[in-house]
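In: Model the structure of this input:
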Amino acid sequence: MPSYPFGPIPKLAEVEGADYQTIINKRNPQLSNRYHRNTRAYILLQWVLLALIGITLAALYRGLNAAIEIISEFRMDHLAETVEKGDIGGAWAVNFFSSLGLVMVAVLFALKAPAAISSGMPEIISYLNGAKPDQLLAPGTMLAKTVGLVTAVSSGLAIGPEGPTIHLGAMVGPRLVAIFEWVAINLGYSGETVRFFYDDMDMRKLVVAGSAAGIAVAFRAPIGGVFFVIEEAISFFDAQLVFRTYFTCIVAYYFLEIMYDGHVLDTDAFTPYEIQVECRAPYLAEDGLLFITLGILSGMAGSFFNYANLKVAKYRRAYVGSSGARRLIEVFAIVMLTSLCVVFIPTGDTCTPITQTVDHVPRTAVDSYKFTSNGRIVLDDRGVCLIEPALELYRVVDENITVINKTSQESLNLIVEDLKEAIRLRSAHCEEDEYSQLGSLWYNTGHHAVNLLFQTGTYDIFNASSLAIFFVVYFMLAAVTAGASFPSGLVIPMLTMGGSLGRLFGIGVNHIFKTGGGVAAMDPGAFAMIGAAAFWCGSGGMTATIAIIILEVTGDFQYLPAIAVAVITANLVGSAINHSLYHSLIHQKHIPFLEDTPDEALDGLAVSAIMAQPVVCLKAQSNVGDWSSSHTHALDVEVMSLQSEEIQTALATSHNGFPVVADTEGDGVVRLVGLVLRKHLLLLKAQTATDTSKPLVDVSPYLNTTPSHILPHTTLAEAFRMFRSQGLRHLVVVDVNLEVQGMLTRKDFQKAGHSHDDHADDVAHAQHHHQAWQSPEEQA
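Out: Have a look, this model is predicted:
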């Protein structure tokens, strides 16, 4: 069998569920995850960890983003300069081999740690929902994600850094806990307080805060980070967690701004997509119909992107699979295709005069502009938008200044050069006073391409044909690139596709409804922002989060109502066509995810229809204080003993929770008295390993005496709501006498098909889990 990197990639373990239920045990109150949260040491350490997550992530992102900018801009500047010299073949060769080398570094790391592949967003969303994908937060995954993020994004493929940054944010907390534990032990302390954070509920708080902080640094959007977590983790969210998440986001945002701006902070310049326009361009009330229309088109386009990406993922699983060799070949093909499109498509583009950037400004009078006290030029009509770098060029064109000497020509050349540099226009094969529209989109980094599309005050900078070509080709590249064997995010591609579609729509609106009807034209750059938000929503499914992030990244709040209308419309359209991309990928990866609401089909089914049975129960011998009150009060257990052989049998299975039953009434009926977790049975086994003479083991110190349980005739819909809202991992099914009848886990709900009835593989996967619950005798 071939070895790394050509052999099979490491196989991830089956996804387990997290256990957020509070354990009640009067004999051993320290067992409860609530107990330690009331100590001063825990509370102090929690806030220290949250602050350090924000600071660490800000520093990490600052370094990674600086590396990405240096490598990416060097590659793109070299590409543009080589094309300007007419050496198209040389430009392609340098672009292809540099891109291939960078991507291969990311692939080699990712093949060692498969959990680092792609954005990690479906897995993070699953974690917030209560599932625990294997190796999601492991150190090896973090290393592969960090290296791969820089090299893959710098390669110029149709990917972005935002999704992987969110994944990195989720991993910072667990790494800090491990570091704190190591320091405490080496300083002579037990590290017990630190180890409390390994509890599922406590670790989830750190992951939630880190994920939100990832959005805060990637988009400079702390409010958007909080909204993301609320939208994706609302099933068992609380106000305290909202505040802690907001605290972490603000810390991350503040320290990142200090790292960028130094001592004097400039919030306006800190937005990632700075709009270089100071104007008010009001829109009419009836323009809401245009925003709804754009929302419909963008929602449909986003849904179609989901369809295309999922089809590619399906073929990737079928024909690429886990083979390292085939994955390397796939990456080679993607880099080849991308390089050919990036280099050669702009060479067929016609050249555009630089004066077209100011053609939309009326030239009715010489005094259509004026100088401010500090020498800046502003337009008299504040309803007309023009980017600041183009104001000087507009003055030259407006006054029809004729170049009559070398000095004037040099001044005009400087104006043109400054304008091109300010908004990243590329000359490509054109003259100095011209630019290439497609070259400006392809010969720039993804970040600069989005910034160029978003620029208001540049009405005629792109033609409809250029935007249409760019949208179609980029759509294809993004669909085949997402999910390949390296870290990659989809937000930049979504903003790019949505921005080009929105700008194209704005050009059509001006041509058909505005300019032709004698009404003031609307800014296509504004439509680009609206279209980007709507496309992202049509694909990603989130609403408030996306609207807030778009407003925070642009700093342009005058289009808040327009963005809100378009996003809501896109969400309705996208949801009607298919599921969001992240949730579709979750189901495609067979992660047991619980949607917000149960499927309507579950209302007609009872719990007994899907519960796993028979259940591996542990029959205890008891000596209790008061059994008669056990049905209404927490059980006061004195001694609850198990046979050592029963513990061994239980641990031989793959289950993580075991109902403990006992004859509490002396009538021969064994009733549910508690539930014990696998990790606690392992502790019991370790404690009794040195003394094999005792046939009975006291399990009462590790027993959850108030496990959640439900009756067999309860509807699945009601069981689903109970399971999801309480964040359960195990729901015991009992009859009216408290005899155990079955067990429900999140995989049993997945088996019921509440998420995707058309995923036969999910049903087969869940049926396998159902069989796993059987006793060893029946499995044999």
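In: need the strands for the stretch 151-300 of the chain, in chain order.
Out: When secondary structure is read from DSSP state E, counting those that start in this stretch, the stretch 151-300 of the chain shows no strands.
In: where does it dip in pLDDT?
Out: 190-191, 193, 233-237, 263, 267-269, 274-282 (pLDDT under 70).
In: residue boundaries of the helices in it?
Out: Applying DSSP state H, counting those that start in this stretch to the stretch 151-300 of the chain gives helices spanning 162-186, 192-195, 200-218, 222-233, 239-261, 267-270, 288-315.
In: Would you mind finding the most buried of those?
Out: With neighbours taken as mean count of other C-beta atoms under 10 Å, the helices of the stretch 151-300 of the chain reach their highest mean count in helix 200-218, at a mean of 27. The C-beta positions use only the backbone N, C-alpha and C, and glycine is treated the same way.
In: what packs against it?
Out: helix 40-84, helix 121-129, helix 162-186, helix 222-233, helix 239-261 (3 or more C-beta pairs under 8 Å, 6 or more residues apart in numbering; DSSP states H and E).
In: who wins for proximity to Ala562 among the ones you listed?
Out: Closest approach to Ala562 among the helices and strands packed on helix 200-218 (C-beta to C-beta): helix 222-233, 17.9 Å.
In: Alpha carbons of the closest one, as PDB, please.
Out: Extracted in PDB, the C-alpha atoms of helix 222-233 (Å, rounded to 0.1, in the frame of the first residue of the first chain):
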ATOM      1  CA  PRO A 222     -17.600  42.000  16.700                       C
ATOM      2  CA  ILE A 223     -21.400  42.400  16.600                       C
ATOM      3  CA  GLY A 224     -21.600  40.000  13.700                       C
ATOM      4  CA  GLY A 225     -19.600  37.500  15.700                       C
ATOM      5  CA  VAL A 226     -22.200  37.500  18.500                       C
ATOM      6  CA  PHE A 227     -25.100  37.300  16.000                       C
ATOM      7  CA  PHE A 228     -23.400  34.300  14.300                       C
ATOM      8  CA  VAL A 229     -23.200  32.300  17.500                       C
ATOM      9  CA  ILE A 230     -26.800  33.200  18.500                       C
ATOM     10  CA  GLU A 231     -28.200  32.100  15.100                       C
ATOM     11  CA  GLU A 232     -26.200  28.800  15.100                       C
ATOM     12  CA  ALA A 233     -26.300  28.000  18.900                       C
END
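In: Now do it: everything it contacts.
Out: Identification of contacts with helix 222-233 by C-beta atoms under 8 Å, 6 or more residues apart in numbering yields 125, 128-129, 208, 211-216, 219, 237, 242, 245-246, 249-250, 252-253, 542-545, 548-549, 552.
In: Now Leu52: closest residue in space, sequence neighbours ignored.
Out: Of all residues not flanking Leu52 in the chain, Leu176 sits nearest, at 5.6 Å (C-beta to C-beta, 6 or more residues apart in numbering).
In: How about the contacts made by the one you found?
Out: With contacts defined as C-beta under 8 Å, 6+ apart, Leu176 is in contact with Leu49, Leu52, Ile53, Thr56, Leu206.
In: Distance-wise, check the fourth one relative to Ala252.
Out: Think Thr56. Distance, Thr56 to Ala252, by C-beta to C-beta, to the nearest Å: 9 Å.
In: Then the second one?
Out: When distances are taken as C-beta to C-beta, Leu52 and Ala252 turn out to be 10 Å apart.
In: and what of Pro164?
Out: To Ala252, Pro164 is 16 Å away according to C-beta to C-beta.
In: same check, this time on Gly555
Out: Gly555 sits at a distance of 18 Å from Ala252 (criterion: C-beta to C-beta).
In: Over to Val697?
Out: Computed as C-beta to C-beta, the Val697 to Ala252 distance reads 47 Å.
In: What of Met300?
Out: The spacing between Met300 and Ala252, counted by C-beta to C-beta, is 35 Å.
In: Could you do Leu683 as well?
Out: 37 Å.
In: Same check on Asp663?
Out: 56 Å.
In: next one: Gln455
Out: Applying C-beta to C-beta, the value for Gln455 to Ala252 is 28 Å.
In: Same question for Thr664.
Out: 52 Å.
In: same deal with Pro695?
Out: Using C-beta to C-beta, one obtains 55 Å as the distance from Pro695 to Ala252.
In: ok, now Val473?
Out: With the distance defined as C-beta to C-beta, Val473 ends up 36 Å from Ala252.
In: wait, isn't Ile9 in contact with Ala325?
Out: No. Using C-beta atoms under 8 Å as the test, Ile9 is too far from Ala325 to be in contact (10.6 Å).
In: Can you pull out the low-pLDDT segments for the stretch 551-700 of the chain?
Out: When residues are selected by pLDDT under 70, those of the stretch 551-700 of the chain lie in 622-639, 689-694.
In: I'd like the average pLDDT over stretch 329-341.
Out: The pLDDT scores in stretch 329-341 average 96.
In: Quick check: the residue nearest in space to the middle of the chain vs Ala468, distance?
Out: For the chain, the residue sitting closest to the mean C-alpha position, by C-alpha atoms, centre = their mean, is Met121 at 3.5 Å. Going from Met121 to Ala468 by C-beta to C-beta gives 29 Å.
In: Kindly report the same for Gln726.
Out: Counting by C-beta to C-beta, the gap from Gln726 to Ala468 is 51 Å.
In: Check Ile185 too.
Out: Using C-beta to C-beta, Ile185 is found at 62 Å from Ala468.
In: Over to Asn25?
Out: Asn25 is 66 Å from Ala468, where distance means C-beta to C-beta.
In: These two - which one has more neighbours?
Out: For Asn25 versus Ala468, neighbours defined as other C-beta atoms under 10 Å are more numerous around Asn25 (21 against 14).
In: For the nearest residue to the more buried one once chain neighbours are set aside, which residues are in contact?
Out: Nearest residue to Asn25 in three dimensions, chain neighbours excluded: Leu31, at 4.8 Å (C-beta to C-beta, 6+ apart). Contacts were defined as C-beta under 8 Å, 6+ apart; by that measure Leu31 touches Ile23, Asn25, His680, Pro701, Tyr702, Asn704.
In: what about 10 Å?
Out: Contacts for Leu31 (C-beta atoms under 10 Å, 6 or more residues apart in numbering) come out as Thr22, Ile23, Ile24, Asn25, Leu677, His680, Pro701, Tyr702, Leu703, Asn704.
In: Weed out the non-buried ones from the residues you listed.
Out: Taking 16 or more other C-beta atoms under 10 Å as the criterion, what is buried in the contacts of Leu31 is Ile23, Ile24, Asn25, Leu677, His680, Pro701, Tyr702, Leu703, Asn704.
In: any idea of the pLDDT on the third one?
Out: The confidence metric pLDDT takes the value 75 at Asn25.
In: how near is it to Asp199?
Out: Distance, Asn25 to Asp199, using C-beta to C-beta: 15 Å.
In: In three-state terms, label Leu672 for me.
Out: Following DSSP: H, G, I helix; E, B strand; the rest coil, Leu672 is assigned to strand.
In: That one contacts Leu703, doesn't it?
Out: No. Shown here, Leu672 and Leu703 do not form a contact pair, counting by C-beta atoms under 10 Å, at 11.3 Å.
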